[in-house]
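S.K.: Next one to model:
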Amino acid sequence: MQRVLHELRRNNMILGENNEINTPEEQNETPAVQPGRQRISDLFRRDLIFWFTALLHRWWLLISLPLLSGILFFSARSILAPKAYSASTALVRQVADVRSGALPTGYVSTQFNVILNMILSRANLNETSRRLKLNYTHEQLFRTISIRQASRNSNYFFITATTRNPKLSADIANTLSEVFLEDYKKFIRTNIEQICESSIRSRNSLQKELDDLLSRKKRLYDENNISSLTREQATNAQRIIIQEDRLLHAETQLDALQKKYDDLEVQLQTTPKIVELYSEQNISSDRKLADLKLELSSLRQRYTDNNPIVEKQKTLIKALEDSIRENKADDGKVKVVNGRNAEYINLSNEQHKIKAERTALKSTVAAYTETLAKLKERRDKLDLLAPSLNLLEDQINQKRNLLLKQEALTKELQLFLDRSFTDVTIQETATVPTDPLPRRRPLFFLLGLFLGAVLSGGFVLGKEFINLSVRSKVDIEDALHIPALGIIPHFDHHCRADFYSALQGAVNQAEELLRGVEKTPAIIAIAPALQEDLSTNILNEFCEILKVKRDVSYRIIRVAPEEQTSSSARYLVNDFLYGFTDTLPEPGKDQVLYFKLDDLAFISPPEEERIGQLRNTLQQFDLVIWELFEFELHRQLYSEICKSADLTVIPMRYGRTSKWQIYQTLLQLNTCKVQRIAGLLYDVENKIYRKVSL
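M.R.: This is a model prediction of the structure:
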């Protein structure tokens, strides 16, 4: 009993928006039980036991299908993969020879993947078939051959042939290796020949370019009358320096002569042309003065006027003149003889001589200047010519160096062509195999077992996944979010105790849900989603328990059968519901009244007030039970009756009622704001009842 109360409280806690559990002792009124929010994804919830039950029920499929699949894979492998023999020829690529300089300059080593592709070329395959006299096409031979490396970056690789004949496998591997090596040598030689031809063409092109550059250089030298630009520039620079020195020296001399000429001009202006040659008075002093002046004239011819000797002589003459002038100022002369001044004559002669030298020197300076201008013009021309000539020289040197390298490369290639070279060699020839290749039939058998197990398990679990029938309390409470009124097993003579115990629990749960209802009588609507979900026997047993144990007076309103009899016609409540009368007919011994779904019920269903007035008319009873029709038959009337009921019970048949149908019914009832919806699962298999009723 305590377990039943615990389940009832748990159901109330799940379904209400309020999570608190209010017992009758804590509160006199029980809140209405609202159905939870339905979600389509929740319809796939189910009790875990059904996953295991589905696997157990189809154990024969889980065992037989993997075995059949394993046997099928084993047989297919045995038939489709007959015995085959494999022989391998080992080859190695000596990359070290290429790196150490065994190949000529300019030759690029063939990539390893190109070598592997060359092995299986059509020409090599056809040549192998021809040598072995095989009636194979290149495609058929290609399917018998495979190539693999010893490791990812290894230069050691194998040519493997797989056929049903062990000797043929070895012959194919060895012959294909020999054919490949011959083809590979030809390939290397062809590449070297192409490189050599390209080198010769490059050499000829370089020689032609060099000849053109030399011709341009010779033409420039001839046009500018030079043999060497550097030597010509150095010679011209030396000439310019010498000519500048000459010009500077001549200009210096010219300046000196000009100054000397100017000094003589000044002296001529101060020197008289006629002078007193002889006087009787003061003869000795005058003679001495004349001697000094004559000596001064001779000194001026040898020295300049600024010379200290000349200056001293002038001083002596001036002092003597002053002395004579002071001592003989008043003396009269007895005899005076005048004549041309010899000093003036000498100065005049000297001036004419300097003028002649100056004129000659001016001609020399002009000649030097003209020569220097020509030399500078030559220097400028050489400077302008130097960049192009230097560039031409660099190009010539560059072309000569390239030509030398190209000639060396050509000679190296020609020497390399005289010998046969290959960097791939046969390391180990193929031998005739004695054992066939493993066919791995046990592995295929295990693979078949695995695939069969996956298929059978997927089929069983997938079928269980799409099974949306109601089979446990989890389907009612967790998937549909309504409380479970009870889970009733299938009635069997050996399980009567479980049947009536479950039925009694459903009665107790219904009383618990109706505890807060103060209206009399309480109305219960038995609302099936489908007509086959309704069980009249369960309802009758339910009413008998209420009558016997609880002493409850009740009335049942049931849908009249389609083939109405005279006995059931007098128990119809249609007139009351349509308002034709205010009294209900008296039921028979089974306390059952009937409601007929005639044309009027579909055209103009009973009003909500008349359905509600039914409670007032039956106030002398404790309980009124509506046994409704199928939901899709008349949705509006179905919803109105459920809305007027205090408790709506949706019957569900174990394994037959679909949660999808219940889901659609609940959506309609929730839209109409129907209170207190519960689910009743019945006809549960006895062998699984105790597992799903917990």
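
S.K.: Could you pull out the helices in the stretch 551-694 of the chain for me?
M.R.: Assigned by DSSP state H, counting those that start in this stretch, the helices in the stretch 551-694 of the chain fall at 566-569, 574-577, 599-603, 608-617, 635-644, 659-671, 686-692.

S.K.: and the longest one, what's its mean pLDDT?
M.R.: This means helix 659-671. For helix 659-671, the mean per-residue pLDDT is 87.

S.K.: could you give the angle of it to helix 635-644?
M.R.: 70 degrees (axes from the mean of the first three to the mean of the last three CA atoms, to 10 degrees).

S.K.: Tell me where the stretch 51-200 of the chain has strands.
M.R.: Assigned by DSSP state E, counting those that start in this stretch, the stretch 51-200 of the chain shows strands spanning 85-93, 145-149, 156-163.

S.K.: Same question for the stretch 401-550 of the chain.
M.R.: 424-428, 484-489, 522-526.

S.K.: In JSON lines: those, plus mean neighbour count and distance to Arg340.
M.R.: To be clear about C-beta, it is placed using only N, CA and C from the backbone, and glycine gets the same treatment. Formatted as JSON lines, the strands of the stretch 401-550 of the chain follow (neighbours: other CB atoms under 10 Å; distance: least, CB to CB, whole Å):
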{"stretch": "strand 424-428", "mean neighbour count": "15", "distance to Arg340": "123"}
{"stretch": "strand 484-489", "mean neighbour count": "26", "distance to Arg340": "173"}
{"stretch": "strand 522-526", "mean neighbour count": "25", "distance to Arg340": "178"}
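
S.K.: now the ones you listed as JSON lines including mean pLDDT?
M.R.: Shown next, in JSON lines, are the strands of the stretch 401-550 of the chain (pLDDT from 0 to 100):
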{"stretch": "strand 424-428", "mean pLDDT": "86"}
{"stretch": "strand 484-489", "mean pLDDT": "85"}
{"stretch": "strand 522-526", "mean pLDDT": "86"}
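
S.K.: Just put those in CSV and tack on distance to Glu511.
M.R.: Output for these, formatted as CSV (distance: least, CB to CB, whole Å):
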stretch, distance to Glu511
strand 424-428, 94
strand 484-489, 11
strand 522-526, 9
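
S.K.: so which of those strands gets nearest Arg216?
M.R.: Nearest to Arg216, of all the strands of the stretch 401-550 of the chain, is strand 424-428, at 50.4 Å by CB to CB.

S.K.: now the closest one against strand 156-163, angle please.
M.R.: Going by the same axes, to 10 degrees, strand 424-428 makes 60 degrees with strand 156-163.

S.K.: Can you tell me which helices and strands strand 424-428 packs against?
M.R.: Helices and strands touching strand 424-428, by 3 or more CB pairs under 8 Å, 6 or more residues apart in numbering; DSSP states H and E, are strand 85-93, helix 166-224.

S.K.: can you tell which of the ones you listed is closest to Gly458?
M.R.: Between the helices and strands packed on strand 424-428, strand 85-93 lies closest to Gly458; by CB to CB that is 38.1 Å.

S.K.: Between helix 166-224 and the closest one, find me the angle.
M.R.: Counting by the same axes, to 10 degrees, strand 85-93 lies at 20 degrees to helix 166-224.

S.K.: Any chance of JSON lines for the helices of the stretch 551-694 of the chain, columns mean neighbour count and distance to Ala678?
M.R.: Shown next, in JSON lines, are the helices of the stretch 551-694 of the chain (neighbours: other CB under 10 Å; distance: least, CB to CB, whole Å):
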{"stretch": "helix 566-569", "mean neighbour count": "11", "distance to Ala678": "29"}
{"stretch": "helix 574-577", "mean neighbour count": "18", "distance to Ala678": "25"}
{"stretch": "helix 599-603", "mean neighbour count": "12", "distance to Ala678": "26"}
{"stretch": "helix 608-617", "mean neighbour count": "15", "distance to Ala678": "20"}
{"stretch": "helix 635-644", "mean neighbour count": "20", "distance to Ala678": "12"}
{"stretch": "helix 659-671", "mean neighbour count": "19", "distance to Ala678": "11"}
{"stretch": "helix 686-692", "mean neighbour count": "15", "distance to Ala678": "17"}
